[in-house]
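A.B. asks: Here is my input; please provide its structure:
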Amino acid sequence: MNCVILFLLVACFWTTSVSSDPDDPLLVELAQGKLRGRDNGNFYSYESIPYAEAPTGDLRFEAPQPYSHRWTGIFNATTPPVFCLQWNEFRDRLMGVEDCLTVSIYKPKNSSRTSFPVLVFIHGGAFMFGSAVASGHDSIMRGGNLIVVKISYRLGPLGFASTGDKELPGNNGLKDQRLALRWIRQNIASFGGMPENILVIGHSAGGASVHLQLLHEEFGQFARAAVSVSGNALNPWVVQEGGRGRAFELGRKVGCGQAENSAELKSCLKSKPAVEIVAAVPSFFVLPYVPFSLFGPVVEPADTPEAFFTQQPRDLIKSGKVAQVPWLVTHTAEDGVYNAAQLLQQNPRTNETWIEELNDRWFDWVPYLLFYRDSIKTIIEMDEFSRKLRQQYLGNRKFSVENYWDLQRMFTDILFRNSVRDVLDLYREYGKRPVYSYVYDNPSEFGAGQQISNRTDVYFGTAHGDDILLIFDIAFLRPVIRPDEAIISGKFIKMLEDFALSNSEALAFGDCDFQNNVNSTQYQLLRITRSGCKNEQHNQFP
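C.D. replies: The predicted structure follows:
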């Protein structure tokens, strides 16, 4: 705690003593020296600024170390952030670099403002892939009222491999995020940001990351509020068991043999080329990129120095020892499109769809698809659970393209929707600050379902990502924005701006005021549709 206080005192010193040059807004001075950004027409960008030492060599598989170098010249902050080293699901190949721990800052030009609230974005990608550069910021820059900061953090085995002990405890990707949040709080005033008005938002694994950051009391010193879009810490794919076995299997796959202990394994993995470690990821799959999250957050042992968390998220929420800031947690009507839609693809070896093959392989595949392979201890119990699931959602029918919607509903419930219900239950009972929630129910014309399945003959509903892409636009994923979506986009961005600035902790989307779930006897949801928004109260989660 003393270290945190000292850090914030240093942060306050630097944010009051260094700033951008009013005569040259592209030139910014920090503790490390001066950097120069880029003029992009309607906004300035300052990209690829290191917040940590390169996590290479002896620092691989270690908690991040704050960046300590001083620049002798002017740092070139005009290079877009690189992908952290990963096996990318959508490109199905190895990409990125190991030295990737940077933040990138985007500041709108707005002559009516001298300072801006700050929106910090943590990207998704199942803790395995994705990047800060992949999500656009043009819509927010056109709004002209928010500084955007994007965080790059370690992914996959390099960010999350864990042996379950203090030798290799894991969670280094989350520790990267936490260090980046400290850096932003310390330095954002130098870019015209308001350090007391920081809002942290993430989508999917990024949304779960935001929630996990919220489980630290310290987070309240770095942000005024938080938003988790289609991801929270209780999703079954987030905090998993079985990490130790996967870490030792990773070592075997890259030539470390049968390491006798964690220290030996870690030493061997440090000696291997990083590309070989990450290239081993596909060898774990039972289907193409299944399970989609192999290496992710874990509960660390209590004796871990600088542990990220040592209790299950449920227990941390019940303890009340979490950051006391308002939080918005969301889902879409059919989040389970990811990754149910993949099962509509054809198996290239048999020319049958994966969903048809599921009839014969259900008991083999579903524990990996729905992330209970390591949480159910016996095969008998696992098979019984799998049988009940199939009966609940399909009855006596076979899996088929015609019955795809029922399978997708299963994925939506188990991987996303049920955890929103569970997390609201916990915060309704144990929460102290407002917790809001919305369900987005407005299908895009071409969303994740069509892209993942490579099909346009199936109706997918409102898919995973349909809402976040109206905030952080990605042109090739959303080539056309309908007029109603353009209106919703503007309301989302205004909602985030107001949430960052609000002293009352209130939250609104357009004309609809969110209702607080804490201490409520009913679930309080805001439903956002093509025609507008509506508050709903439910005794049973819808």
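
A.B. asks: Going by contacts, tell me the helices and strands next to the one helix or strand S386 maps to.
C.D. replies: Under the criterion of DSSP states H and E, S386 resides in helix 379-394. For helix 379-394, the contact count by 3 or more C-beta pairs under 8 Å, 6 or more residues apart in numbering; DSSP states H and E identifies helix 354-369, helix 404-412 as packing neighbours. In short, each C-beta sits where N, CA and C put it, glycine included.

A.B. asks: Residues contacting the last one, please?
C.D. replies: Under the criterion C-beta atoms under 8 Å, 6 or more residues apart in numbering, residues 333-341, 343-344, 355, 358, 369-370, 389, 392-394, 397, 399, 458-461 lie in contact with helix 404-412.

A.B. asks: Please apply the same query to the first one.
C.D. replies: Defining contact as C-beta under 8 Å, 6+ apart, one finds that helix 354-369 is touched by 286-287, 290-291, 339, 342-347, 350, 373, 376, 382-383, 386-387, 389-390, 398-401, 404, 407, 411.

A.B. asks: Pull out the buried members of those.
C.D. replies: Buried subset of the contacts of helix 354-369 (neighbour count, 16 or more other C-beta atoms under 10 Å): 287, 290-291, 339, 342-345, 373, 376, 382, 386, 389-390, 399, 401, 404, 407, 411.

A.B. asks: List phi and psi for T521.
C.D. replies: Note on T521: backbone dihedrals following degrees, to the nearest 10 are phi -80, psi -10.

A.B. asks: Before we move on, what's the pLDDT of it?
C.D. replies: T521 is assigned 95 on the pLDDT scale.

A.B. asks: how many other residues sit next to it?
C.D. replies: Applying the criterion other C-beta atoms under 10 Å, we find 8 residues in the vicinity of T521.

A.B. asks: Distance of it relative to L426?
C.D. replies: Distance of T521 to L426, computed by C-beta to C-beta, to the nearest Å: 15 Å.

A.B. asks: Name the residues that touch the helix holding S386?
C.D. replies: Defining contact as C-beta under 8 Å, 6+ apart, one finds that helix 379-394 is touched by 362-363, 366-367, 370, 372-373, 376, 403, 406-407, 409-410, 414.

A.B. asks: how about a cut-off of 10 Å?
C.D. replies: Residues external to helix 379-394 that are found in contact with it (C-beta atoms under 10 Å, 6 or more residues apart in numbering): 358-359, 362-367, 370, 372-373, 375-376, 378, 396-397, 399-400, 403, 405-411, 413-414.

A.B. asks: So I317 belongs to a strand, correct?
C.D. replies: No - the assignment for I317 by DSSP: H, G, I helix; E, B strand; the rest coil gives helix, which leaves it out of any strand.

A.B. asks: In contact with it, which residues are there?
C.D. replies: In this structure, I317 makes contact with 211, 214-215, 233-234, 311, 423, 425-427, 429-431, judged by C-beta under 10 Å, 6+ apart.

A.B. asks: Okay, now the unreliable bits of the chain?
C.D. replies: Applying pLDDT under 70 to the chain flags residues 1-22, 475-478.

A.B. asks: Name the strands paired with whichever strand in it runs longest and say parallel or antiparallel.
C.D. replies: The strand that spans the most residues within the chain, counting by DSSP state E, is strand 193-203. Here strand 193-203 has these sheet partners by DSSP bridges: strand 116-122 (parallel), strand 225-229 (parallel).

A.B. asks: Quick one: closest of those strands to R244.
C.D. replies: If you check each of the strands paired with strand 193-203 against R244 by C-beta to C-beta, strand 116-122 wins as the nearest, at 26.2 Å.

A.B. asks: Just want the angle from the longest helix seen in the chain to strand 116-122.
C.D. replies: As far as residue count goes, and with DSSP state H defining each element, the longest helix of the chain is helix 483-501. Between helix 483-501 and strand 116-122, the angle formed by their directions is 110 degrees, by axes from the mean of the first three to the mean of the last three C-alpha atoms, to 10 degrees.
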